[in-house]
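Enquirer: Just to be clear, the model below is a prediction. Sequence and coordinates:
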Amino acid sequence: MTSKSNSSMVFISVGSLVIFLAFWELLCRMGFIEPLFMPAPTQILARAGKMLGDGSLLQHTLASTRRVMVGFMVSSLVAIPFGIFLGSSRFFMAVFDPFISLLRPLPSMSWIPLSLLWLGITETQKYSIVFMGSFAPSLLYIIEATKGIDPLLIRAARNLGASNLDVMREVILPGSLPQIIAGLKVMLGIAWTCIISAELVAAREGLGFMIMNGKEYFQTDTVLLGMVMISITVMVIDVLFRKFERRLLPWTRQ
Amino acid sequence: MDPSVAASAAAPENGVEKGAVPKISVKGVTKVFSSKRGEVTALKELSLDIQDGEFMVIVGASGCGKSTLLNLVAGFDHPTAGEVLLDGRPVAGITPECGMIFQQYALFPWKTVQENVEFGLKMKRMPKQERQERAARFIDLVGLNGFEKTYPHHLSGGMKQRVSIARSLANNPQVMLLDEPFAALDAMTRQVLQEQLVRIYEKHRKTIIFITHSIDEALLLSSRIVVMTARPGRIAQEITNDLPHPRNADVQLSDRYMELKRHIWSSVQAEVLKSMEVEAGQ
Ligand SMILES: Nc1ncnc2c1ncn2[C@@H]1O[C@H](COP(=O)(O)OP(=O)(O)OP(=O)(O)O)[C@@H](O)[C@H]1O
Ligand SMILES: [Mg+2]
């Protein structure tokens, strides 16, 4: 595809968004839609301005982002070495398999009551929800990624004097890194669902809390603003993640 | 059969001591693979000695067990019966003493040329400075200066195989095992690499076991040629290659070259036909 047709595609996308927002605005102004049911885009924008002014919008966004990042980092930092270890040892894979199989189907939501009982409405409770929601699936992604390694490369490494640990560090980790990162990108999205549900249930700040709180006060604009902020934040983080990915995988660059 | 050829078996040249412990000794090795579809006897009671400093080329029909034999020497796999000795001691596991060069290069895609060549040295925990210098020397030896920071997927097949040879040499193995290393390359690149390998062999005096399907390649490179039988693989014939060096165009057009080629071809052909019958009967 040429760059010209690419830029015209962007133009079409922007155009369709503007037309949609204008139509929505128009319907609200003409009184076809009740503001409590669905506020106009300008009303949401006004709410954003107000909340930016008093700093609460930034506070909620940062709170959620921090929770996702901490929970996700801890989960990845444990899951990557553990997954690579399990991926290269059939014995330990068999040992841990039943536990992983039991943990995996549990939605992160189902951990909320237990985590509240154990940890109360604390930051640690938020981190642990993100951790529990993303750890088992991350681990499975990573184990799967290690299976894609060409066994010939492991042979070549062993032939050049690599120990088992060397093989894991020098061959299996870098060899499965592209798939691991692809998996973690999906997991990052899941981590966001975890934290928003946790905040919807019990929290004192964060985008999930902001949405729930907006609903309590019948501020539909706050609810919608919270939802928009979640979308925007996840999109921004996705872009940053892509940058980081290119840096980690220099050999895949053309 | 030509008596002048048959008589020249054994008695390796190149100043190899007779009666010394062979570098590699394959003793009555049988290898049986069991799979769901049944058992395959890849090698049967195969015995073969390779002296220090020999350039031994193995030819044989497809599926006769050549790669299997090489994998046993490298320690990638274990014989079902019999044993493989390196310097008189049984090969217990994968050993860096026997550097393997694969037809598919087996370079690490995430490492640059330099890092690939350094790999074995890094595994030996050689200090960074020292291993960089050593790697640079071997990159130079295979003529890849200027490509140190290139990743393998930017290289041609011939260049990849040169990296793989440099990577193996940098690790200073006593034995080099090459499994059809040039089979995937075009004729011209192959010729360049063959000449390079001969130069390396003459300079570094490694013991080499080289597998090929090409009788010309065998005649150009070897000091001894082994023809394997159809599966289950055994030694059909050993031929000492007494062609003079360098084996240039003149040598390749000589009567002796033609004689050896015809002789090896007739022996290989018989085994290829046998192996085709075996396959047809399955
Ligand atoms: N891991 C394995 N499991 C089962 N059978 C195997 C295995 N490896 C090799 N074989 C069988 O053993 C026989 C010898 O295989 P090998 O790869 O050594 O042949 P080869 O002489 O190298 O053939 P080619 O010239 O095609 O490379 C073949 O029939 C092959 O199918
Ligand atoms: Mg083979």
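Expert: The structure has been received and is ready for your questions. Numbers count the residues shown, from 1 in each chain, chains lettered A, B, ... in the order given. Ligands and ions are numbered 1, 2, ... in the order given.
Enquirer: what are the ranges of the strands in the stretch 151-282 of chain B?
Expert: For the stretch 151-282 of chain B, the strands defined by DSSP state E, counting those that start in this stretch occupy B:175-179, B:207-211, B:224-228, B:235-240.
Enquirer: Dump the first one to CSV, restricted to CA.
Expert: Output for strand B:175-179, consisting of C-alpha atoms alone and laid out as CSV, is shown next (Å, rounded to 0.1, in the frame of the first residue of the first chain):
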residue,chain,number,x,y,z
VAL,B,175,37.2,-32.4,15.3
MET,B,176,35.0,-30.7,12.8
LEU,B,177,31.8,-32.5,11.8
LEU,B,178,30.1,-31.1,8.7
ASP,B,179,26.7,-32.5,7.6
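Enquirer: May I see the strands of the stretch 151-282 of chain B arranged in TSV, with mean pLDDT, distance to residue B:197 and mean neighbour count as well?
Expert: In this view, the C-beta of every residue, glycine as well, is placed from N, C-alpha and C. Below are the strands of the stretch 151-282 of chain B laid out as TSV (pLDDT from 0 to 100; distance: least, C-beta to C-beta, whole Å; neighbours: other C-beta atoms under 10 Å in any protein chain shown):
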stretch	mean pLDDT	distance to residue B:197	mean neighbour count
strand B:175-179	95	8	23
strand B:207-211	95	8	25
strand B:224-228	93	16	25
strand B:235-240	90	20	18
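Enquirer: could you dump the ones you listed to JSON lines with distance to ligand 1?
Expert: What follows is these, written out as JSON lines (distance: least, C-beta to the nearest ligand atom, whole Å):
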{"stretch": "strand B:175-179", "distance to ligand 1": "7"}
{"stretch": "strand B:207-211", "distance to ligand 1": "7"}
{"stretch": "strand B:224-228", "distance to ligand 1": "7"}
{"stretch": "strand B:235-240", "distance to ligand 1": "13"}
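Enquirer: which parts of the stretch 101-250 of chain B sit against chain A?
Expert: B:102, B:104, B:106, B:108-111, B:119-120, B:122-124, B:151, B:153, B:167-168, B:171 (C-beta under 8 Å from any C-beta of the partner chain).
Enquirer: repeat that for 7 Å
Expert: Contact residues, the stretch 101-250 of chain B versus chain A (C-beta under 7 Å from any C-beta of the partner chain): B:102, B:104, B:106, B:108, B:109, B:110, B:119, B:120, B:123, B:124, B:151, B:171.
Enquirer: now, among the residues you listed, which is nearest to residue A:219?
Expert: Checking these against residue A:219 by C-beta to C-beta gives residue B:110 as the nearest, at 51.2 Å.
Enquirer: Of the residues of the stretch 101-250 of chain B next to chain A, keep whichever come out buried.
Expert: The neighbour count (16 or more other C-beta atoms under 10 Å in any protein chain shown) marks B:102, B:104, B:106, B:108, B:110, B:119, B:120, B:123, B:151, B:171 as buried among these.
Enquirer: want to throw the residues you listed into CSV with distance to residue A:252, secondary structure and pLDDT?
Expert: Below are those laid out as CSV (distance: C-beta to C-beta, whole Å; DSSP: H, G, I helix; E, B strand; the rest coil; pLDDT from 0 to 100):
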residue, distance to residue A:252, secondary structure, pLDDT
B:102, 22, coil, 94
B:104, 20, coil, 93
B:106, 19, coil, 95
B:108, 13, coil, 97
B:110, 9, coil, 95
B:119, 20, helix, 97
B:120, 25, helix, 95
B:123, 25, helix, 95
B:151, 9, coil, 95
B:171, 27, coil, 93
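Enquirer: Run through these and flag the ones next to ligand 1.
Expert: The subset of these within reach of ligand 1, by C-beta under 6 Å from any ligand atom, is empty.
Enquirer: which one of those residues is nearest residue A:77?
Expert: Using C-beta to C-beta, these come closest to residue A:77 at residue B:110, 20.5 Å.
Enquirer: Need phi/psi at the spatially closest residue to the closest one that is not a sequence neighbour.
Expert: Leaving out its chain neighbours, the residue that sits closest to residue B:110 by C-beta to C-beta, 6 or more residues apart in numbering or on different chains is residue A:174, at 4.2 Å. Note on residue A:174: backbone dihedrals following degrees, to the nearest 10 are phi -60, psi -30.
Enquirer: Count the neighbours of residue A:174 for me.
Expert: 19 (other C-beta atoms under 10 Å in any protein chain shown).
Enquirer: got a pLDDT number for it?
Expert: For residue A:174, the pLDDT comes out at 94.
Enquirer: Please tell me how far it sits from residue A:181.
Expert: 11 Å (C-beta to C-beta, to the nearest Å).
Enquirer: What strand or helix carries residue A:25?
Expert: For residue A:25, the host element (DSSP states H and E) is helix A:3-29.
Enquirer: need the residues of the stretch 51-200 of chain B near ligand 1, please.
Expert: Residues of the stretch 51-200 of chain B lying close to ligand 1 (C-beta under 6 Å from any ligand atom) are B:60, B:62, B:63, B:64, B:65, B:66, B:67, B:68.
Enquirer: Quick check on those: which are buried?
Expert: Here, 16+ other C-beta under 10 Å leaves B:60, B:63, B:64, B:65, B:66, B:67, B:68 buried among those.
Enquirer: Return the closest of these with respect to residue B:131.
Expert: Using C-beta to C-beta, these come closest to residue B:131 at residue B:67, 30.5 Å.
Enquirer: List the contacts of residue B:155.
Expert: B:147, B:163 (C-beta atoms under 7 Å, 6 or more residues apart in numbering or on different chains).
Enquirer: Can you give me the pLDDT of it?
Expert: 94.
Enquirer: Next SSE downstream of the helix holding residue A:25?
Expert: helix A:41-53.
Enquirer: Could you say which helix or strand holds the closest residue to residue A:158 other than its chain neighbours?
Expert: Leaving aside its sequence neighbours, residue A:158 sits nearest to residue B:94 (C-beta to C-beta, 6+ apart; 4.5 Å). Following DSSP H and E, one finds residue B:94 outside all helices and strands.
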